[in-house]
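A.B. asks: Following is a predicted model, sequence given first.
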Amino acid sequence: MQYELIRKVLERRDWGGAARVAGWVRTRRDSKGGFSFLELNDGSCLANLQVVAETALANYQTEVLKLFPGSSVAVEGVLAPSPGAGQLLELRATSVTVFGFCEPTAYPLQKGRVSFEVLREIGHLRPRTNTFGAMSRIRNTLAMATHSFFQEHDFLYVHTPIITGNDCEGAGAMFQVTTLDVGNPPRRPDGAVDYAADFFGRRVNLTVSGQLNGETHACALGRIYTFGPTFRAENSNTRRHLAEFWMIEPEIAFADLADDAALAEAFLRHLFQQLLARCRSDLEFFQKQLDPALIGRLETLAVAPFLRMSYTEAVAALRSSGQTFEFPVQWGCDLQAEHEKYLTEVLAKGPVIVTDYPREIKAFYMRQNADGRTVAAMDVLLPEVGEIIGGSQREDRLDVLEARMRGCGLNPELYSWYLDLRRFGSVPHAGFGLGFERLVQFCTGLANIRDVIPFPRTPGNAAF
């Protein structure tokens, strides 16, 4: 590369050695001694590199003194120990090349703190802030750690389709994809839209999950995972919901719910260990700014055992807790955030895996247990955030799966390819899904999910 990363320059101690960097000016301070201090950042790390630009530079008067926050430059110089507090070294410039000036009165990222709400309105510039630079590096490390974990455990990365005719969750909250004239679509004799005339010859949507497609490859290749965008057309305008988000979904053949839970626990532990090893300064930033307990919590979870308990046991513990919950607890209800908070932060004081949920509150593809009331499902709960992973052993019995589909109002004929997996060499298999943005939230302390994805898609908002 033409320029050295500031992250690597800051690790050097070869005083007098040459360095060539490029980045964006964070601040400029002019000294009465006839030189200027430039704080330069290139996004490779949280820290800035201090550049000393002296009046002897040919363009000091004409250009250096016109550098304001946001300006982009390249600097060549020599490294020297810094006499000032707060940094170990500085770069004494022998040349400063300006790529782009920045109008100080118009640039929205000034020295003072800018609110998250305002930053969402300038999403094209917010990566230049400390918060979003740190978030992006943490997000990158978690993505890298995801691939390294599954690759090291002999999983194959499978790209499942984004456009699909199947609704994995059966909720119907899907974005439709069409090339028809929505103002005047072709009609069938009964007045319904004639999707046979559409691009794919049928009605299709953006996927809510890669799971069903992933099962096809797990039932041939053994271990696979998907990691890609998914979409939900839910009109949920909250700090926890996005219309477009990323999902990590592994599937393992010849496996049951216990295997699935063990995989989820090992995966999360790997993520936290990698993050602590690779993003310490970014985590320290979020700990200082947002969450004083952040690093300690991640260090604990990186080694902590996960308590396992059945849904029935969880309900019993909640009912006997003496706590007053906003949502009363009874067998058959879905656990709410306040219930998950009690289980993780009061009862277990750590992560909890709840298994064997009532059949009626779970999806059609989950394997029914022998009791006839529950399914082999699990939720992995973490302190502070609650559910982080949802998974299950998949129903591998053809007759049971068909009956369950009909009971959920689904037409088995539309899932004939999925049922073929049960007709031709069916095997026990299991998998789970992890919402990537929820994970990034947990690892940064950022309260709003819109701040952990580069360009959030929410009701009424598809900017940038």
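C.D. replies: Received the coordinates, thanks.
A.B. asks: which residues of the stretch 151-300 of the chain fall in helices?
C.D. replies: Per DSSP state H, counting those that start in this stretch, the stretch 151-300 of the chain carries helices over the ranges 211-221, 257-278, 280-289, 294-301.
A.B. asks: Now distance to R26, mean neighbour count and mean pLDDT too, for those helices, in CSV please.
C.D. replies: C-beta: built from backbone N, CA, C; applies to glycine. Formatted as CSV, those follow (distance: least, Cβ to Cβ, whole Å; neighbours: other Cβ atoms under 10 Å; pLDDT from 0 to 100):
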stretch, distance to R26, mean neighbour count, mean pLDDT
helix 211-221, 44, 20, 97
helix 257-278, 23, 19, 98
helix 280-289, 14, 17, 98
helix 294-301, 24, 17, 96
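A.B. asks: Indicate which one of the ones you listed is closest to N59.
C.D. replies: helix 280-289 (32.8 Å; Cβ to Cβ).
A.B. asks: what is the orientation angle of that closest one with helix 257-278?
C.D. replies: With axes from the mean of the first three to the mean of the last three Cα atoms, to 10 degrees defining the directions, helix 280-289 sits at 90 degrees from helix 257-278.
A.B. asks: who does helix 280-289 touch, helix- and strand-wise?
C.D. replies: Packing partners of helix 280-289 (3 or more Cβ pairs under 8 Å, 6 or more residues apart in numbering; DSSP states H and E): helix 130-152, helix 294-301.
A.B. asks: Q336: which of those is closest?
C.D. replies: The nearest among the helices and strands packed on helix 280-289, by Cβ to Cβ, is helix 294-301 at 21.8 Å.
A.B. asks: coming back round to it: got the helices of the stretch 151-300 of the chain as CSV, with distance to R232 columns?
C.D. replies: Formatted as CSV, these follow (distance: least, Cβ to Cβ, whole Å):
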stretch, distance to R232
helix 211-221, 14
helix 257-278, 22
helix 280-289, 27
helix 294-301, 27
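A.B. asks: how about those, which one is nearest E117?
C.D. replies: helix 280-289 (16.4 Å).
A.B. asks: The closest one to helix 294-301, inter-axis angle?
C.D. replies: 120 degrees.
A.B. asks: Centre of the chain to helix 280-289, how far?
C.D. replies: Average the C-alpha atoms of helix 280-289, do the same for its chain, and the two points are 18 Å apart (Cα atoms, centre = their mean, to the nearest Å).
A.B. asks: related to what we said a few turns ago, what about the helices of the stretch 151-300 of the chain, which gets the closest to R397?
C.D. replies: Closest approach to R397 among those is made by helix 211-221 (14.0 Å; Cβ to Cβ).
A.B. asks: how about the helices and strands packed on helix 280-289, which one is nearest I453?
C.D. replies: helix 130-152 (8.1 Å).
A.B. asks: and that closest one, what other elements does it pack with?
C.D. replies: strand 156-157, strand 223-231, helix 257-278, helix 280-289, helix 436-444.
A.B. asks: same thing but at 6 Å, please
C.D. replies: Contact analysis of helix 130-152 by 3 or more Cβ pairs under 6 Å, 6 or more residues apart in numbering; DSSP states H and E lists helix 257-278, helix 280-289, helix 436-444 as its packing neighbours.
A.B. asks: If anything else comes up later, I'll come back, but that's it for now.
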